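A.B. asks: Pasted the sequence and its predicted model underneath.
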There are 2 protein chains.
Amino acid sequence: MKFNTALESIKTYEAGKPIELVVREYGIDKDQIVKLASNENPFGCSPKVKDAVRAIIDNMALYPDDSMVKLKSALSNKYGIQSNELIIGAGSDQVIEFAIHAKAHSGSKVLMNSVTFAMYEIYAKQVGAQIIRTASREHKMDEFYALYQEHKPSIIFLCTPNNPTGDGLLASELVSFIEKIDNDTLVIVDGAYMEYARFKDPSYAVEPGDLVKRFNNVLFLGTFSKAYGLGGMRVGYGIACAPIIEALYKVRPPFNITTLSLEAASVALEDELFVQECIADNFSQMERYKEFAHAKGITVIESYTNFVTLLLPEEKNSSKIAQELLKKGMIVRDLSSYGLNAIRVTIGTRVQNDRFFELTDSLV
Amino acid sequence: MKFNTALESIKTYEAGKPIELVVREYGIDKDQIVKLASNENPFGCSPKVKDAVRAIIDNMALYPDDSMVKLKSALSNKYGIQSNELIIGAGSDQVIEFAIHAKAHSGSKVLMNSVTFAMYEIYAKQVGAQIIRTASREHKMDEFYALYQEHKPSIIFLCTPNNPTGDGLLASELVSFIEKIDNDTLVIVDGAYMEYARFKDPSYAVEPGDLVKRFNNVLFLGTFSKAYGLGGMRVGYGIACAPIIEALYKVRPPFNITTLSLEAASVALEDELFVQECIADNFSQMERYKEFAHAKGITVIESYTNFVTLLLPEEKNSSKIAQELLKKGMIVRDLSSYGLNAIRVTIGTRVQNDRFFELTDSLV
């Protein structure tokens, strides 16, 4: 059977290895495994969220409220936006998919950073779009602007803080760039880690409420998978002016969020204190990674997220080191497929981080 | 901002109204509302499923096992298939989306029944495909074959038992039809209600294991949303030969099923007794609907599902009746948007059905 030709060039997304897989492949006891590979919140979600989900477990049989009133109302309040400026996705990932399916097509051009979240390319290739990338590892707005002028892309992805490198863009720099972009180019600002940037340095914090008031070609993405500790529940969102949201709704499947996930995300927003405490701990523990790296002569990219990217010296091989760690039950992300001789490590709890330093010490 | 032209012709899916919406719009007390609109299992899911989900509530922070080993292994055993002949979707709905995105494109033709599940058309239009429909309300395989020969569609949808009408196709008739179809046309057999058909009359039961062994152009769809009582958890699946599954995987977003949903579906398969008891009750209660309709001079389409479709006489208006029922807190599905003067009613518990007969008595 023949399939659409666009499929031929699609690579599969390389996800962080789940604990179950390491148990199966390496025969390591589940309790001995530490996963610092998918930038999950090591403290999980708020206890209030767990209570709320337990309380509605009888509702698993019922289709979700597809108007998502409770969650949309909570998010609208949080960001000072209208409900029609908001769309909920199964992870912000799904909102990326909506945007590409609504705006791009075979022959479209999509502009993104040299090193950035892998799903932009995968979704763009599904519709046969052409990928344009900058040259530098960090987001350089002059490079983006030169390529924008040359190619007039349908979509520009800006990922800040950037995954998988952790560096951020000054909000002022981002806004100045968007001001120069034509109305018919959709600028997607992926803020999956924005809660961390906002805590660390407010000048790196993009405010989606301001963006949507000011620009009619910007889509901001946020998620519950990182700071809110709900990676397993698949809830993210897009914020944009109403006409963009309306277009994305046309490619949204009904009931794209589970009944339990809608409740979990809504209640998570009621316990911001929990989230802020987790973030504070994150940056406090991050100092230990910087010290470790410094002592080892490893470069750490300044991170505005819940992970650190360790750039290894030439004589060390990131794939080898990630593999060695895996055998010992420590899951981290090798970035060789992104063209970097680096590993990305999620900041864990104190105990998890201790284990990382202990296991890595002899390898680097 | 301009979006893809295909979006212009897309209608939004009209979902069964959730209870929350009726509470908000009509100010009816939540406990007074009966929803017989979305073909959910009125007994919910197995108690074992609830226990299992409660037991892993701490895992909400962790991304799902994207290889879905546990669920794929349970489904493979159930159907006697290999793991690479299986793909899991957020509802079988998402597998429809995968199939259309993998196989159809602008200019493709997609053939489906006159009256059938609305999402086939919505997804097909997202990629700009042309919709071809048969003339009869029931699936008539000679009509399908004539249109197949005339149009050579990329995809044919067969929905058996059919939603929203409840009638079924003999398995032998379905197989004879597929035998005549070219290898490059993908035949999608949507068996969302197959558990009910299998219980009522095995000659209407399509066995996906047999289909996939025999044909390399068939995709069977199943779901946990109906008989398994997990409509809120969004889990369905597609079964086909390995090359088809491989193509669908290319357009599958990673982590498309929540951590809790994977566990719920896996454990649901361990309690088939619960499911069979629910189905037995369903057909026993369905007799009461037939009697009610008979007494009222209403035609009931013979149903192989967990719902009945009541064809109203000309002097009664289905939209009006559905609206009257809604005001009284009874949610059913008006089928006027499908071109039928009919209402579709999910078979509920004895008490829910009593309430339906009581409220409907004066309206029909």
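C.D. replies: Sure, I can see it.
A.B. asks: CA atoms for contacts and neighbours, from now on please.
C.D. replies: Fine.
A.B. asks: Need phi/psi at A:R133.
C.D. replies: The phi and psi values for A:R133, taken as degrees, to the nearest 10, are phi -130, psi 150.
A.B. asks: wait, I meant A:F117
C.D. replies: According to degrees, to the nearest 10, A:F117 has phi -60, psi 130.
A.B. asks: Distance of it relative to B:D354?
C.D. replies: As defined by CA to CA, to the nearest Å, A:F117 lies at a distance of 54 Å from B:D354.
A.B. asks: which one of those two has more residues nearby?
C.D. replies: More crowded of A:F117 and B:D354, by other CA atoms under 10 Å in any protein chain shown: A:F117, with 21 against 14.
A.B. asks: What mean pLDDT does stretch A:218-225 get?
C.D. replies: Here stretch A:218-225 scores 98 as its mean pLDDT.
A.B. asks: Is there any residue in that stretch that contacts chain B?
C.D. replies: Yes: using CA under 8 Å from any CA of the partner chain, we find that stretch A:218-225 touches chain B at A:S225.
A.B. asks: Now that stretch - C-alpha only, CSV.
C.D. replies: Taking Å, rounded to 0.1, in the frame of the first residue of the first chain, the C-alpha atoms of stretch A:218-225 are listed here in CSV:
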residue,chain,number,x,y,z
VAL,A,218,1.6,35.1,17.8
LEU,A,219,0.7,31.8,19.5
PHE,A,220,2.1,31.2,23.0
LEU,A,221,2.4,27.6,24.2
GLY,A,222,2.3,26.5,27.8
THR,A,223,2.1,23.2,29.5
PHE,A,224,1.2,21.3,32.7
SER,A,225,3.9,18.7,32.0
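A.B. asks: Just the CA atoms of the host helix or strand of A:E150, as CSV, please.
C.D. replies: Element membership of A:E150 [criterion: DSSP states H and E] is helix A:141-151. Extracted in CSV, the C-alpha atoms of helix A:141-151 (Å, rounded to 0.1, in the frame of the first residue of the first chain):
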residue,chain,number,x,y,z
MET,A,141,17.4,37.0,16.4
ASP,A,142,19.5,38.5,13.7
GLU,A,143,19.9,35.0,12.1
PHE,A,144,16.2,34.5,12.4
TYR,A,145,15.5,37.8,10.8
ALA,A,146,17.8,37.3,7.9
LEU,A,147,16.3,33.8,7.2
TYR,A,148,12.8,35.3,7.6
GLN,A,149,13.5,37.9,5.0
GLU,A,150,15.0,35.4,2.6
HIS,A,151,12.4,32.6,2.9
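A.B. asks: Can you tell me the strand partners of the helix or strand following it and which way each runs?
C.D. replies: Next helix or strand after helix A:141-151 toward the C-terminus (DSSP H and E): strand A:155-159. Using DSSP bridges, strand A:155-159 pairs in its sheet with strand A:109-112 (parallel), strand A:186-190 (parallel).
A.B. asks: Can you name the next helix or strand after strand A:155-159?
C.D. replies: helix A:171-179.
A.B. asks: Just send the strands paired with strand A:155-159 back as TSV, with mean neighbour count and mean pLDDT too.
C.D. replies: Shown next, in TSV, are the strands paired with strand A:155-159 (neighbours: other CA atoms under 10 Å in any protein chain shown; pLDDT from 0 to 100):
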stretch	mean neighbour count	mean pLDDT
strand A:109-112	24	98
strand A:186-190	24	98
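A.B. asks: okay, those strands in JSON lines with distance to B:I131 next?
C.D. replies: Formatted as JSON lines, those follow (distance: least, CA to CA, whole Å):
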{"stretch": "strand A:109-112", "distance to B:I131": "29"}
{"stretch": "strand A:186-190", "distance to B:I131": "30"}
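A.B. asks: Okay, buried residues for the helix or strand of chain A with the lowest mean pLDDT please.
C.D. replies: The weakest-scoring helix or strand in chain A, judged by mean pLDDT, DSSP states H and E, is helix A:19-26 (a mean of 82). Within helix A:19-26, the residues that count as buried by 16 or more other CA atoms under 10 Å in any protein chain shown are A:19-23.
A.B. asks: Next: stretch A:195-203.
C.D. replies: Buried-residue list, stretch A:195-203, by 16+ other CA under 10 Å: A:195-200.
A.B. asks: So which residues of chain A form helices?
C.D. replies: Counting by DSSP state H, chain A has helices at residues A:19-26, A:47-55, A:69-79, A:92-103, A:119-126, A:141-151, A:171-179, A:194-200, A:208-214, A:242-250, A:259-268, A:272-296, A:318-327, A:350-360.
A.B. asks: Check the nearest residue to A:S46 once chain neighbours are set aside and give its pLDDT.
C.D. replies: With sequence-adjacent residues excluded and distances taken as CA to CA, 6 or more residues apart in numbering or on different chains, A:S46 is closest to A:F274, at 6.1 Å. Predicted confidence (pLDDT) for A:F274: 98.
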